[in-house]
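A.B. asks: Just need the structure, nothing else, for what follows:
(2 chains)
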Amino acid sequence: MDKEILLKTENLNVDFKMKDGLPFVKKKFVRAVTDVSVEIFRGETFGLVGESGCGKSTFANATLGLLRPSSGKVIFCGKDVSSLKGAKLKEERRRMQKIFQDPAASLNPRFSVLDIVTEPLLIRGGYNKEERRRLAIEMLEKVGLSEADLPRSASEFSGGQQQRIAIARSLIIRPEYLVCDEPVSALDVSVHAQILNLLVDLQREMGVTYLFISHNLAVVKKICSRMAIMYLGKVVEYGSTEKIFSNPLHPYTKALMSAVLDTDVTHKKERIILKGDVSSPVNPPAGCRFCKRCPVAKEDCEKVPCMLEEVETDHFVACRFINK
Amino acid sequence: MNDYALEIKNLKVIFPNEAGIVRAVEGVNLNLQKGECVALVGESGCGKSVTSLASMNLLTSPPAIVRAEDIRLCGESILGLPDKKMQAIRGKRISMIFQDALSSLNPVMTVGKQIDEIFKRHSKIKRSEARRKSIELLKLVGVPDAETRYKAFPHELSGGMRQRVLIAMAFACEPEVIIADEPTTALDVTIQAQVLEVLKNMCRMKSTALLLITHDLSVVANMADRVYVMYSGKIVEAAETYPLFTNPLHPYTKGLMASVAGIDDEAGSTFVQIPDTLPNPMRKPQGCYFNPRCKYATEKCKEAMPPLKTLDNGRQIRCWLCAENSN
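C.D. replies: Numbering: from 1, shown residues only, chains lettered A, B, ... in the order given. All right, here's what the predicted structure looks like:
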């Protein structure tokens, strides 16, 4: 395999210290991301799936250098981004971008579309007014808008169009790595498909690598080549999308897949309905984090740590009952 | 006499503003049989929530102007009832579950007190009796450790728990009709599965009619007996769930179904999309409202709005093409 690794994390940990607490009392930590080691190849779409609060966005922000990891490394194109600071970090960040869930909240309502889309060029510097305008028009046409939209303000557009503007803004400086943080969750069902198709087309055209955060497994299956499933800050299953979907191994993955409702009315599926809620990431158990809701858990699951192990090529699972 | 739990006849809601008139709901006819689960599906802004609010007499007027031939709850007309009388009905005979549980619960009151309040409002029972009943309800909707949770504040509960509390409140007086407005949209998939299961079981147990308002077709397929599809203020298709999902007739319904990504879809295939978006409610197109987005649109579709036609098998459809084909 001669696939080039674009981004790699090594035992990445992100902890948040909790504010309250008395002096001399042991400090509490929210372990948002624990021991995550994944590799993202150039040009692929990497899916990151999990319930809210499981650390998906924290992980993405750490890879962008927006959060400082407590330990572990983020290696982007061979360089350790997590140790960079100031101007050097800024230099690397030019090659990464992010689009957000709610386009209305991520666009400045007082800016015109021209201002919004050309702002990254202004920050990078070295473009004159004419060039910026020309690049903006070129980018807008790629996302399905036109020159006539340049003077309008972002609030005049519908949700789907606003997301297109956000995509144009993030891609205008030709990043290599784009984090899509639930890019369609805030949009209408009939618009989902438009935006997702646009993202797929743009990737084909510009060769950008996506980290695609979603809780919609059906979408991940369609557009991602590789994926990771997170639960309470840890990766429970990781590898090729095809292998995970054809042969889900971790009990959480199985439950997640069976919880996805579909529109098939012809035959009813047997569902695994998990009991209880996601437990708190504050001082989590040392062992498997899923043990409290797991249908196959044994008593000592809480204590025995389980690591990701490769069960077949490009398919890793963290569960002691599956690993040999 | 029919045995409809809820019957809405020719409901119209408009919101006048400076720029023009927003026709949010244009002549909707809808009915729910006793114990039936009916879904009202459509994109945001198509008028589904306004329909439900208007039928519970919850829209403030002005700005809203509500007109209807009749709205009947178990045969009795509730249209234009004075506020006092409506308050006695809401919560007791018809109740609602909202999308965002955190904002529909009072943050400075324990959830137990909030459930008690419903009993106090609608039936003359003792406080201790109300408390006993509330705890029983919490147990029914699957809140673990109900006695302690009774004393909890909404912020101490998780999203799924809060939604269960809302369900418990809605069922408190065993109403005939419950309207659930996007009850699981704010929840995670695994929690969504739990909450839907609770809602389904409760409805079956108490034989309550449920009007489920949602944009999520997969929820509809798993919950509803019958479906109304709404587009831009009008019902465009109405049918039983099974025939609707196996054989959608209206081009809009077809588009909606196709655009839902299924977990059994082939990897790498493209997403089917409906072009464009919902029309501006102040400038609806001439003719069929769906014609600018419809790939089958003909000249006739651009000129006149098709009527809602009832087919032989009881399905209703608002489309020139489908109505012709079936004859």
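A.B. asks: Check which helices and strands the helix ranked longest in chain B is in contact with.
C.D. replies: Longest helix of chain B, by residue count under DSSP state H: helix B:189-206. In terms of contacts (3 or more CB pairs under 8 Å, 6 or more residues apart in numbering or on different chains; DSSP states H and E), helix B:189-206 is packed against helix A:251-259, helix B:159-171, strand B:209-214, helix B:217-223. Where you see a C-beta, it was placed from the backbone N, CA and C, and this is true even at glycine.
A.B. asks: rerun at 6 Å
C.D. replies: Packing partners of helix B:189-206 (3 or more CB pairs under 6 Å, 6 or more residues apart in numbering or on different chains; DSSP states H and E): helix A:251-259, helix B:159-171.
A.B. asks: partners of the next helix-or-strand element following the first one in the sheet?
C.D. replies: Reading on from helix A:251-259 to the C-terminus, the next helix or strand found by DSSP states H and E is strand A:309-312. If you go by DSSP bridges, strand A:309-312 pairs up with strand A:315-317 (antiparallel).
A.B. asks: to the chain's geometric centre, what's the distance from the partner strand?
C.D. replies: 19 Å (CA atoms, centre = their mean, to the nearest Å).
A.B. asks: Can you list the residue ranges for strands in the stretch 51-200 of chain A?
C.D. replies: Counting by DSSP state E, counting those that start in this stretch, the segments of the stretch 51-200 of chain A that form strands are A:71-76, A:79-80, A:96-99, A:177-181.
A.B. asks: One more: chain B?
C.D. replies: Assigned by DSSP state E, the strands in chain B fall at B:4-17, B:20-33, B:37-41, B:65-67, B:70-73, B:76-77, B:94-97, B:177-181, B:209-214, B:226-231, B:234-240, B:309-310, B:316-317.
A.B. asks: Mind checking the pLDDT average for the third one?
C.D. replies: When you say that, I think you mean strand B:37-41. For strand B:37-41, the mean per-residue pLDDT is 92.
A.B. asks: Check stretch A:279-298 too.
C.D. replies: Averaged over stretch A:279-298, pLDDT sits at 80.
A.B. asks: cool, stretch B:89-109 as well?
C.D. replies: pLDDT averaged over stretch B:89-109 gives 88.
A.B. asks: now stretch B:187-202
C.D. replies: On average, stretch B:187-202 scores 84.
A.B. asks: State the distance from the nearest residue to A:L140 once chain neighbours are set aside to B:Y150.
C.D. replies: Spatial nearest neighbour of A:L140, excluding adjacent residues (CB to CB, 6 or more residues apart in numbering or on different chains): A:A168 at 5.5 Å. According to CB to CB, to the nearest Å, A:A168 and B:Y150 sit 52 Å apart.
A.B. asks: So which of these two has more stuff around it?
C.D. replies: With neighbours defined as other CB atoms under 10 Å in any protein chain shown, A:A168 and B:Y150 compare such that A:A168 has more, 24 against 20.
A.B. asks: what does the model give the residue nearest to A:F100 when sequence neighbours are not counted for pLDDT?
C.D. replies: Excluding the flanking residues, the one nearest A:F100 by CB to CB, 6+ apart is A:S106, at 4.2 Å. A:S106 is assigned 88 on the pLDDT scale.
A.B. asks: For chain B, what lies in contact range of chain A?
C.D. replies: Chain B comes close to chain A at residues B:43-44, B:158, B:160, B:188-190, B:193-194, B:215, B:217-219, B:221-222, B:242, B:245, B:259-263, B:265, B:267, B:270-274, B:277, as judged by CB under 6 Å from any CB of the partner chain.
A.B. asks: ok, now which ones touch whichever residue of the stretch 101-250 of chain B sits closest to chain A?
C.D. replies: Going by CB to the nearest CB, chain A is nearest to B:S218 of the stretch 101-250 of chain B, at 3.7 Å. If you count contacts by CB atoms under 6 Å, 6 or more residues apart in numbering or on different chains, B:S218 has them with A:261-263.
A.B. asks: In JSON lines: the residues you listed, plus distance to chain B, neighbour count and pLDDT.
C.D. replies: Output for the contacts of B:S218, formatted as JSON lines (distance: CB to the nearest CB, whole Å; neighbours: other CB atoms under 10 Å in any protein chain shown; pLDDT from 0 to 100):
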{"residue": "A:L261", "distance to chain B": "4", "neighbour count": "25", "pLDDT": "75"}
{"residue": "A:D262", "distance to chain B": "5", "neighbour count": "17", "pLDDT": "74"}
{"residue": "A:T263", "distance to chain B": "5", "neighbour count": "20", "pLDDT": "72"}
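A.B. asks: Thanks a lot, catch you later.
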